[in-house]
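A.B. asks: Mind looking at a prediction? Sequence and model below.
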Amino acid sequence: MKENKNLKKIRFGTCTKDCYGSCVFTGVWNDKVPKHKLINAHPLKTHPFTNGFFCPKLTQRQNLIYHQDRLKNPLIRNGPKLENNFKPISLNHVISIIAEKIVEIKEKGNLTSILGAFYSGNSGLISKYAPLRFFNKLGATITNGGICNEGGCAGLTRLFGTYSTTNPFQLKNPSTRLIVNWGSNLSESNNHAYYLVKQALKMGTKLVVVDSRRTRIANKAHCFLHIMPSTEHLLVKIVLNELITCNVHDEKFLKNHVDNYSSLFREVINIDKKKLLEQIGIDSQTFQNFVELLIKFKHHTLFNIGYGVQKDYYGGRIVKSIAFIQILLGNIGKPGSGLIYSQSDFLNPLLQPLRRYIAYFSGESKMKEIPIIKLGSSLSSGNYQVLFIYNFNPASSLPNQNLLRSALLKEDLFVVVIDMFLNETTKFADIVIPAKFDLESFDLISPYYMPGLSINIGGPCPYEDCVSNYEFFQQLAWKLGFENSVIFQESEKTIFKNCIKMLPLEIQNHLHQEGYYLLFNNDDVPFNTLEFPTPNNRIQIIGTQLKFGESELKRKINLKKNEFVLISPSHLHFLHSQLWQLNSKYVNEFSKIYLSSKDIKRLNLEIGHEVLVSNEYGSETYILAESPILKHKTTLIYHGLSSSLKGSPNVNFFIPDKPEELGFSGSYNSAIVKIKKIES
Ligand code: SF4
C-alpha cells in the first residue's frame, strides 16, 4: 500500500465482478472520511491483458460500494418468507441466536445437518475457503462442484490431464493466422479478449465463429457457422472426416503424442454428411469454407472455446470433441495454436497448499459434501436444519427453481445468508448478515481467463456491523467457545499475509509491487514440449468419443410446432454475479422471451404478445420479442436478475437440475420449452 502526499492511500484491488477480465486496478482511498472512502479506481495500464481499460459494466465501482441499498446492519425476519421483510438486529445478538441453534443441533449429535452452501463469489480464495475452518471444526456438510465451466474442464482433463493447455496471449501471437471462436460471445462478455482479436484481425489474421447465436463478433468473421445448440460434436465428425479424407491430418504428431488416435478415424469414416449438415443447420458451402481455412492455416490456428457449449448434459464430451480438430491437425503446443479454455489449472499446483491452509489450517477435511447443483433436492430430503449461504445467490442462479424454492421454504430449515444487498435468495432467509465488499477485505484472486493471481488490499469499511465471510464465521466460532482454537485466532489479514509468504519469492515481489502476477510472458507457449500431465505424458483417447446424447438430440430435432430449444446467456449489461444490478433500465429485458422472426410468423404470434412458457419444470408468463441472432427453433431468455428489484421471472424455473455428466456442473442449455399465446 502506498500513501500519497494528500494522505490518500493507494491500494491494489481486483474488480468485484465474476468476469473474464478480473481487472486489476489501483484504488485511491481516503480512510479519514466517514463514508465514501474509496474515491476512484484506475485500471493498471501495465497489465498485458486488460491493457488499462475497464468495461462499462463496472467503471463506477465506488458507487456500487456505497450504494444507498447496501446492507449496513444484520437483519432478522419480520414477516413471511418470499419477501424481503426484515428488521435490524445487532451483530452480537444475531450471532448469539445462530450459536444457540448450533448448540441445540450439537446436543442432538447431528452436526452434518448444518450445511454451508457457497460458490466462487468474486474468485477470492480467502472469501471462498476460510469459512471452511468453521464447517470443518463442526464436522458439518458443505457443497462441492460448481455451476460454471466444470463440465468442459472435466472433458479436456480426460484428454490432456489438465484443462489449461493454452493461454490467451496466443491471441496476439504473430504466428496465429486463424482464430476459431467457438461458442464464446467475446464482444459482450470478454471485451479484453475481443480487443486482442480485433488487433489480430487488423494484422490480417482470419476469424471463424461457431455459435448458435449470431453474436456481434460473428459479423467480423470470415466464416460464420450458425449451428443448432448441442450439435457441436456432429460438426466435429464431418470436419474430422473431411480432414482425414483430404489427408491433411498431422500423422507425425498423432503417432508421437496421441494414444489410440486411430479409434477416432474409425468413428468418423462412415458418416452421412448431408444428414449431419441438416441436423447442424448449416449449408455445405459454409462448412467447406471452414475446412479450407483449417487446412490453409494448419499449425497456425487457435481455438477459443466459450463456456456456454458445455452447459449441456454432455457438455464435457462436447468440449472434448471440439479439441479433436486441433489434435488431428497437430495444432497443439506450437506458437499461435492450441485451445484456450479455463486457465485455473495452470495455477492449481501453486494454489493447492494455499487452499488447504486457508480451509483447514492444518489437517484434513472432516466434512460431508453434496453437489451444489443438487442443492434443491438435498434440502428437500429434510436432512438439513441450518443452511448458511455465502458467495452465492442460489435463488437466482441454480436450476430447477421450483424444487429449490419449495425446499428453502421448509419450516424446519433455518437460513442464514451473508450478502451485500437484499436479493432473490434473501427472500428465503431467516437472518441476513451484511457482508463487506471484497475491496474492504484482504484476499488473493485467482481468475479463470487469466493465468495468474492478483490481490485485494482491503480498505476500511464505513459500516461497523459489516463483516467478511471469514470474520462472520470466526465470531460465530468464538461464540461457540472455540476462541482458544488456534485456527480461529488468525485474522483475515494474517491469513492473507501467510498465503503470500507460501508463494515463491518472485511471485511475492510481483504481487507487492504490481498487484498481480502472470504465469506467462506474451511469447511463452505452454506445453511446447508436448508432454502432458497424463500417466504416459501423451494425449489420451479412450473409448468411443463422438457417439453420445442421441436420444436428447433426436428429441431436439423432432420438436413439435410450438416447442423450442431454450438458451439462457448473460445479458450485455449484466454479469451473473450476486452483486446488485446497476443497469436498472434493462430490467424489462429479463421479462421477454426472444424468437426469430420466422418462428414468430410460423406461430401466428406478434411481438409484444403475452405468452405462456412452460415445460415439465415450470411455467411462466413472458412478453414475446424478436431477435435476429437466433436460429430457427431456438429461443432465448436472459438468465436471471440477481436483485430483488422487480418480481421478474427467472429462466432457471425451466432448467433441469440433472448435472452435466463429467463435471457435475449445470446443464443450463438442455431445456426444451413450449410457447403458447395467452388469450386476453
Ligand atoms: S466487469 Fe470484467 S471487464 Fe468489467 S471491469 Fe470488471 S473485470 Fe473488468
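C.D. replies: Looks like it came in fine.
A.B. asks: Could you list the domains of this protein?
C.D. replies: Following the assignment in automatic domain parsing, the chain carries domains at 75-148+345-503, 150-341, 550-677.
A.B. asks: Residue 135 and residue 367 touch, don't they?
C.D. replies: Yes. Because the distance of 5.5 Å satisfies C-beta atoms under 8 Å, residue 135 is recorded as touching residue 367. (C-beta placed from N, C-alpha, C; glycine too.)
A.B. asks: where do the contact lists of the two overlap?
C.D. replies: By C-beta atoms under 8 Å, 6 or more residues apart in numbering, residue 135 and residue 367 have these common neighbours: 141, 142.
A.B. asks: what's the burial count for residue 84?
C.D. replies: By the criterion of other C-beta atoms under 10 Å, residue 84 has 18 neighbours.
A.B. asks: next one: the one 5 residues further on
C.D. replies: By other C-beta under 10 Å, the residues close to residue 89 number 18.
A.B. asks: Please list all residues in contact with it.
C.D. replies: 73, 74, 75, 76, 431.
A.B. asks: Let me have the domains of the chain in CSV, extended by mean pLDDT and distance to the ligand.
C.D. replies: Output for the domains of the chain, formatted as CSV (pLDDT from 0 to 100; distance: least, C-beta to the nearest ligand atom, whole Å):
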stretch, mean pLDDT, distance to the ligand
domain 75-148+345-503, 95, 8
domain 150-341, 97, 6
domain 550-677, 88, 6
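A.B. asks: Derive a PyMOL selection command for the buried subset of the contacts of residue 89.
C.D. replies: Buried members of the contacts of residue 89, defined by 16 or more other C-beta atoms under 10 Å, are picked up in PyMOL with:
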select buried, resi 73+74+75+431
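A.B. asks: Break down the stretch 301-450 of the chain into its helices, ranges please.
C.D. replies: For the stretch 301-450 of the chain, applying DSSP state H, counting those that start in this stretch gives helices covering 315-329, 344-360, 375-380, 394-397, 401-408.
A.B. asks: wait, doesn't residue 102 sit right on residue 108?
C.D. replies: No. Residue 102 is beyond contact range of residue 108, at 11.0 Å (criterion: C-beta under 8 Å).
A.B. asks: of the helices of the stretch 301-450 of the chain, which approaches residue 123 most closely?
C.D. replies: Among the helices of the stretch 301-450 of the chain, the nearest to residue 123 by C-beta to C-beta is helix 344-360 (8.9 Å).
A.B. asks: Show me what the closest one is packed against.
C.D. replies: helix 125-129, helix 132-138, strand 452-456, helix 492-501 (3 or more C-beta pairs under 8 Å, 6 or more residues apart in numbering; DSSP states H and E).
A.B. asks: I would like the residues contacting that helix, please.
C.D. replies: 125-126, 129-130, 132-133, 136, 153, 157, 162-164, 167, 365, 444, 446-448, 451-453, 487, 495, 498-499, 502-504, 507, 519-520, 526.
A.B. asks: Please identify the most buried of the helices and strands packed on helix 344-360.
C.D. replies: Compared across the helices and strands packed on helix 344-360, strand 452-456 shows the largest average neighbour count, a mean of 26 (mean count of other C-beta atoms under 10 Å).
A.B. asks: Most proximal residue of the stretch 201-350 of the chain with respect to the ligand?
C.D. replies: residue 343 (14.2 Å; C-beta to the nearest ligand atom).
A.B. asks: Go ahead and confirm that residue touches residue 167.
C.D. replies: Yes. Residue 343 lies in contact with residue 167 (C-beta under 8 Å); the separation is 6.5 Å.
A.B. asks: what sits in contact with each of those two?
C.D. replies: Common neighbours of residue 343 and residue 167 (C-beta under 8 Å, 6+ apart) are residue 451.
A.B. asks: who touches the residue lying closest to residue 166 once chain neighbours are set aside in this structure?
C.D. replies: Nearest residue to residue 166, sequence neighbours excluded (C-beta to C-beta, 6 or more residues apart in numbering): residue 338, at 3.1 Å. Neighbour list for residue 338: 165, 166, 170, 302, 303, 326, 331, 332, 525, 526, 527 [criterion: C-beta under 8 Å, 6+ apart].
A.B. asks: burial count for the last one?
C.D. replies: The burial count assigned to residue 527 is 17, neighbours taken as other C-beta under 10 Å.
A.B. asks: Kindly report the same for the fifth one.
C.D. replies: Residue neighbour count, defined by other C-beta under 10 Å, stands at 24 for residue 303.
A.B. asks: swap in the third one?
C.D. replies: For residue 170, the tally of surrounding residues (other C-beta under 10 Å) stands at 28.
A.B. asks: I'd guessed it sits against residue 179; true?
C.D. replies: No. Applying C-beta under 8 Å, one finds residue 170 not in contact with residue 179, separated by 9.1 Å.
A.B. asks: Which positions within the helix or strand hosting residue 291 qualify as buried?
C.D. replies: Assigned by DSSP states H and E, residue 291 belongs to helix 284-296. For helix 284-296, a neighbour-count test (16+ other C-beta under 10 Å) marks 287, 289, 290, 291, 293, 294 as buried.
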